[in-house]
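Chemist: Model the structure of this input:
(one chain, ligands or ions: 1)
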Amino acid sequence: MSPTSPGSFLNHSCDPNCGMQDQLSVVARRSIRAGEVVTIDYAMCMTSPILDLACECGEPICRGRITGDDWKKRALQERYKGLFVGYIERRIAERGTTLRVRRPVRGRIRRDR
Ligand SMILES: [Zn+2]
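Modeler: Next up is the predicted model:
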């Protein structure tokens, strides 16, 4: 582990005590006791298609598996709203707008006379 890599000091948990405030800053989701491991959910900051790990975090809500697609899960998006890194927050917002219903275009029907 490189001491210069901020991620080296964070572990994954499916019920983490922290989230991402921005690309590099971690913010607490709840009080953290002295000596407690600082955790984030990798869904908050990882979208790699090759990420596929078994999880044994031990939390009652453990997903059992961590993948690069976990950020797409609606339940995680709701639980971690505002705690994803910026590019994932933007991707979530963009996906929300892709479901818009297009209005029919008027005046484009060609009539043969
Ligand atoms: Zn877990």
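
Chemist: all contacts plus neighbour counts: C-alpha atoms, from now on.
Modeler: Noted.

Chemist: Which residue, other than its chain neighbours, is closest to Met44?
Modeler: Sequence neighbours aside, Phe84 is the residue nearest to Met44 in space, at 4.3 Å (criterion: Cα to Cα, 6 or more residues apart in numbering).

Chemist: List the contacts of the one you found.
Modeler: By Cα atoms under 8 Å, 6 or more residues apart in numbering, the contact set of Phe84 is Gly19, Met20, Gln21, Asp22, Ala43, Met44, Cys45.

Chemist: May I have the secondary structure class of it?
Modeler: Three-state assignment for Phe84 (DSSP: H, G, I helix; E, B strand; the rest coil): coil.

Chemist: Could you report the pLDDT at it?
Modeler: Phe84 is assigned 96 on the pLDDT scale.

Chemist: quick one on the thing from earlier: which one of the contacts of Phe84 is nearest the ion?
Modeler: Nearest to the ion among the contacts of Phe84 is Ala43, at 11.2 Å by Cα to the ion.

Chemist: What residues does that closest one make contact with?
Modeler: For Ala43, the contact set (Cα under 8 Å, 6+ apart) comprises Ile66, Thr67, Gly68, Asp69, Asp70, Trp71, Leu76, Phe84.
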